[in-house]
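# mind looking at a prediction? Sequence and model below.
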Protein chains: 6
Amino acid sequence: MATVRLLSDEDLSPEARAVFADIRATRKSDFVNNFWRALAHDPVTLKRTWESVKQVMGPGVLEPKVKEMLYIAVSIAHACPYCIHSHTANARAKGMSEEEYRELLAIVGMASETNRLVTALGVPIDEAYEVG
Amino acid sequence: MATVRLLSDEDLSPEARAVFADIRATRKSDFVNNFWRALAHDPVTLKRTWESVKQVMGPGVLEPKVKEMLYIAVSIAHACPYCIHSHTANARAKGMSEEEYRELLAIVGMASETNRLVTALGVPIDEAYEVG
Amino acid sequence: MATVRLLSDEDLSPEARAVFADIRATRKSDFVNNFWRALAHDPVTLKRTWESVKQVMGPGVLEPKVKEMLYIAVSIAHACPYCIHSHTANARAKGMSEEEYRELLAIVGMASETNRLVTALGVPIDEAYEVG
Amino acid sequence: MATVRLLSDEDLSPEARAVFADIRATRKSDFVNNFWRALAHDPVTLKRTWESVKQVMGPGVLEPKVKEMLYIAVSIAHACPYCIHSHTANARAKGMSEEEYRELLAIVGMASETNRLVTALGVPIDEAYEVG
Amino acid sequence: MATVRLLSDEDLSPEARAVFADIRATRKSDFVNNFWRALAHDPVTLKRTWESVKQVMGPGVLEPKVKEMLYIAVSIAHACPYCIHSHTANARAKGMSEEEYRELLAIVGMASETNRLVTALGVPIDEAYEVG
Amino acid sequence: MATVRLLSDEDLSPEARAVFADIRATRKSDFVNNFWRALAHDPVTLKRTWESVKQVMGPGVLEPKVKEMLYIAVSIAHACPYCIHSHTANARAKGMSEEEYRELLAIVGMASETNRLVTALGVPIDEAYEVG
């Protein structure tokens, strides 16, 4: 199910086609996943989103696999199964080991528990955590 | 504000006192933050939670600062200001650089945006992401 | 999957039957969607919910399509695929254009990103935003 | 409280200064709210976020006040008090009447209730809502 | 902070005044908490919400304190500090013991952890849980 | 779909096998649901989670069915269909009547509505709700 039809390569507008070409060139792979095929109905948002993702997930000081693991953590807390599946696959492709994946899941679970306990108790922020 | 009074060291039950001693010994610091002082009303949950956190956040294959960054990411998505402040302080104490922090925030923001776009569009999971 | 069986017209209690009749009369359509068929197990909540929805989504100062777009926005942030699908269909039926839908999605995505950045940074509310 | 110090105009890097100038020019106002002062520690994310917000919230087919109302709806569901306060102020400045605000709140409340009922019941999506 | 001014008894419209009178009569107390004072700007939503709350939280098969505990659980997961504080006070007033409160918090924390683990793993629903 | 393969009894490591044996003994049932079969890839998290769940959901001052109802409430607010289905089945098995289930759903719906209204309005916490 989807709220829009997924676009095949033949359905793309010229603007969307150019974005797909950049996705393929950047990732060095012909595969373009369904997210972009759904978003392609709006070439403006497609282009802005892709360029933002490319900037944010591109080379930086954090390892690529760590970036994907952070993406997974957020996606779990937002209850987005598609996002969890795609970024778990990405993280594995970028070298996340099973042991790292285990630690990621354990941390997400534990953080969820303490997040809600803190919220339930209305814990005031310690002065030690205040910034300037 | 809080839904319970924060307990000072003098208020602790013997069971809670033992947990506080282990928190101090494990962290090599006398400081015990407000979360534990609120949770100390229930020594059973205090002990179980501390031991779980100690196991999950203890030595492993992920760097301590990366573990804290994952904790921050989840805490942001759960809208827990206390948790964000405490784990941001922890991550900095464990070596997270300002550049790493910038990348963390950019990823959390970007993931939030694409999480909601995916959900809005009801994107079906690609076969390529299926496991076994 | 569901946690209750969906009720067909023949299964309805007299109280639920009366609510279904009002849904059909109000919408000028014979179609009653699955939400009401699941809720019909509890005629009290069925009636209260339908009457509240009828009041809130009925004629007012906001255009019907704008009301549906607000409903979609909330449903996305609550990660409710059923709600997103039904209200996207409703919004289209009430005149939402593809261009309006594109802007809606772009806003929801952008708001999600800045919401989480603001939360991550713990930004204090500007005095200018305070109300009397 | 914040996890970073808010930057005054004097603290800005040249790149951040240029973004602030564009914010002021676009909004035709000297006021720059705290969100941008917190984000200014990272000129890259500051610039990307501002340009995206400017594109998304700029002239389009939806009225400016409706765009702000959608922003408010999402911000409520994400539990972001800062975002709610700032976009409620924006919406009012762009012409949202008290009556429109009342309808917005009623819809957000009602959608939250039915979102959770639908989720609780695990209601399957009606065929009528499927897209091609 | 609030997005509206809280209304004192003198500020109320006749319709809002009647609702406040019913709140006081139902609760057998002169105290009307801030939520209703903020909502009173919209007498229609005030009346609908109060009557729904009165129906839902009124006498039934669940004990009053259990109803309040369910309210607290939801409020924690929605990150609403006001709601948590008010319903924790209500639950205590209706007889929730400290031991019951401890169990409530432990369950909310544990559910949060397993909810996110299940979501992370994309666990398929067992046939045994299917209805009808 | 899942991000890991579900483990059958034959696939289990000795550590996971011991946990499964304890699940069966504690529940006096041979059935082990999919959550544990997904989690079994990580015997450490499997063991810690099971022991925590056993402690938290075990005998206490709250009735077993009430504990399950609190679990359901949290699971709905976290948008976890698997969790909702499994704990609804558990609650029914532990004696939750249809009338109790109706009240649970009505409370969760109502709390969701007022939670978001309170958040939208930024209602300040009444002094009466403050704890010592």
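Great, that's in hand.
# figure out how far the helix or strand hosting A:Leu117 is from the centre of its chain.
Counting by DSSP states H and E, the element that carries A:Leu117 is helix A:98-121. How far helix A:98-121 lies from its chain's middle: 18 Å, per Cα atoms, centre = their mean, to the nearest Å.
# that one close to chain C?
No. With Cβ under 8 Å from any Cβ of the partner chain as the measure, helix A:98-121 is seen stopping short of chain C, the closest distance being 12.0 Å. From N, CA and C alone the C-beta is placed, and that goes for glycine too.
# quick one: that helix near chain D?
No. Judged by Cβ under 8 Å from any Cβ, helix A:98-121 stays clear of chain D, getting no closer than 9.7 Å.
# are that helix and chain F in contact anywhere?
Yes. Applying Cβ under 8 Å from any Cβ, one finds helix A:98-121 touching chain F at A:Glu98, A:Arg102, A:Leu105, A:Ala106, A:Gly109, A:Arg116.
# tell me the angle that helix makes with helix E:98-121.
150 degrees (axes from the mean of the first three to the mean of the last three Cα atoms, to 10 degrees).
# for A:Pro124, which three-state class applies?
Following DSSP: H, G, I helix; E, B strand; the rest coil, we place A:Pro124 in the coil state.
# look up how far D:Ser8 lies from it.
Per Cβ to Cβ, to the nearest Å, A:Pro124 is found 27 Å from D:Ser8.
# can you give me the buried ones in the helix holding A:Leu117?
Buried positions in helix A:98-121, judged by neighbour count with 16 or more other Cβ atoms under 10 Å in any protein chain shown: A:100-121.
# chain A: helices as residue ranges?
A:14-27, A:34-39, A:43-57, A:64-77, A:81-93, A:98-121 (DSSP state H).
# only the buried residues of stretch A:26-45, if you could.
A:32-43, A:45.
# so which of these are also by chain B?
Answer for the buried residues of stretch A:26-45 near chain B (Cβ under 8 Å from any Cβ): A:Asn33, A:Asn34, A:Phe35, A:Ala38, A:Leu39, A:Thr45.
# quick one: whichever residue of chain A sits closest to chain B from B:Gly58, how far?
Chain B sits closest to A:Ala77 of chain A, with a gap of 3.4 Å, by Cβ to the nearest Cβ. In this view, A:Ala77 and B:Gly58 are 23 Å apart by Cβ to Cβ.
# low-confidence ranges, chain A, go.
A:1, A:132 (pLDDT under 70).
# try 90
A:1-2, A:130-132 (pLDDT under 90).
# domain ranges for it?
Following automatic domain parsing, chain A resolves into domains at A:7-58, A:60-120.
# dump the ones you listed into CSV; add distance to E:Ile23 as well.
Shown next, in CSV, are the domains of chain A (distance: least, Cβ to Cβ, whole Å):
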stretch, distance to E:Ile23
domain A:7-58, 46
domain A:60-120, 26
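# and the residue nearest to the spatial centre of chain A, what does it touch?
Relative to the mean C-alpha position of chain A, the nearest C-alpha, by Cα atoms, centre = their mean, is the one of A:Tyr71, at 4.3 Å. Neighbouring residues of A:Tyr71 by Cβ atoms under 8 Å, 6 or more residues apart in numbering or on different chains: A:Met57, A:Cys83, A:His87, A:Asn90, A:Ala91, B:Ile107, B:Met110, B:Ala111.
# of these, which is the nearest to chain C?
B:Met110 (6.7 Å).
# so what's the closest one closest to, chain neighbours aside?
Sequence neighbours aside, A:Val56 is the residue nearest to B:Met110 in space, at 4.5 Å (criterion: Cβ to Cβ, 6 or more residues apart in numbering or on different chains).
# could I get the phi/psi values of the residue nearest to A:Ser97 when sequence neighbours are not counted?
Nearest in space to A:Ser97, with sequence neighbours left out and distances taken as Cβ to Cβ, 6+ apart, is B:Val61 at 6.8 Å. Note on B:Val61: its backbone torsions stand at phi -90, psi -20 [degrees, to the nearest 10].
# do A:Leu62 as well
phi -80, psi 140.
# near chain D, which residues of chain A are found?
Residues of chain A lying near chain D (Cβ under 8 Å from any Cβ): A:1-5, A:44, A:48, A:52, A:55, A:125, A:129-132.
# great, nothing more from me.
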